[in-house]
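Colleague: Mind looking at a prediction? Sequence and model below.
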Amino acid sequence: MQITSSATFSASADAVFAMLTDEAYLTEVCRASDATDYSVSSDGTTTRTSRTLAAPKEAARFTGPTLVVTEQIVWGSAAADGSRNGQLTLGVQGQPVTMNGTTTIHPSGQTTTVDVDGELKVNIPLLGGKLEKAAAPAILEGIKLQQEVGNRWLAR
C-alpha cells in the first residue's frame, strides 16, 4: 500500500534538516506519540527511533496490546538549493510489517516541504491488505504529529 504525505514548515531547508536530525526533536516526537518506551539516536545524517506504542485495535488481536515501531532515515548530502533526499525504513519488531521509501526536503521561498513516500507491506497471506489499510492511518497520524511537534520546535 502506497503511503504519501507532505508537511510544510515556515523555515529554511537547513533549519528543517537540523531539526529532523536533532535528538531532542526526535525525543519530543516520541513523547508526543504517547510512547511508553522509546530510544533515539542521530549521527547527523542517520536518525533512528524505536517507540513502544499501543497497537491499533484492528491489529491488536494479531500483535498483542503494544508494538515496537522502529524508524531509520539515512540522509544524503544537500543539493545547492538545500534540498535533500533520505532513505526511510520503518518496521514493527517481531511482525512482518515494513515500510520502505523516501523522505525529501524541498525548499520553496520562506517555507520548506518535507515529503514522505513509501510502500507499506504486511506480509501475511490473505490478511496483509486488510492490515495495511488498518495500519495506514496510524502511520499518517505519526507523520502529522511530526509536523505539529516541528511547528512548535521551529517557533522557539
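Modeller: Yep, it's here. Numbers count the residues shown, from 1 in each chain.
Colleague: packing partners for the helix ranked longest in the chain?
Modeller: As assigned by DSSP state H, the longest helix anywhere in the chain is helix 128-155. Packed against helix 128-155, as judged by 3 or more C-beta pairs under 8 Å, 6 or more residues apart in numbering; DSSP states H and E, are the following elements: strand 2-9, helix 13-20, helix 23-32, helix 57-63, strand 97-108, strand 111-122. From N, CA and C alone the C-beta is placed, and that goes for glycine too.
Colleague: who's in contact with stretch 111-123?
Modeller: 1-13, 15-16, 20, 82, 88, 90, 95-106, 128-129, 131-132, 135-136, 139, 143, 147 (C-beta atoms under 8 Å, 6 or more residues apart in numbering).
Colleague: Need the residues that contact the lowest-mean-pLDDT helix or strand in the chain.
Modeller: Sorting the helices and strands of the chain by mean pLDDT, DSSP states H and E puts helix 57-63 at the bottom, at a mean of 78. Under the criterion C-beta under 8 Å, 6+ apart, residues 55, 67, 92, 95, 124, 127, 130, 131, 134, 135 lie in contact with helix 57-63.
Colleague: residue contacts, the residue sitting furthest away from the middle of the chain?
Modeller: Taking C-alpha atoms, centre = their mean, the residue of the chain most remote from its mean C-alpha position is residue 126, at 26.8 Å. Not one residue lies near residue 126 by C-beta under 8 Å, 6+ apart.
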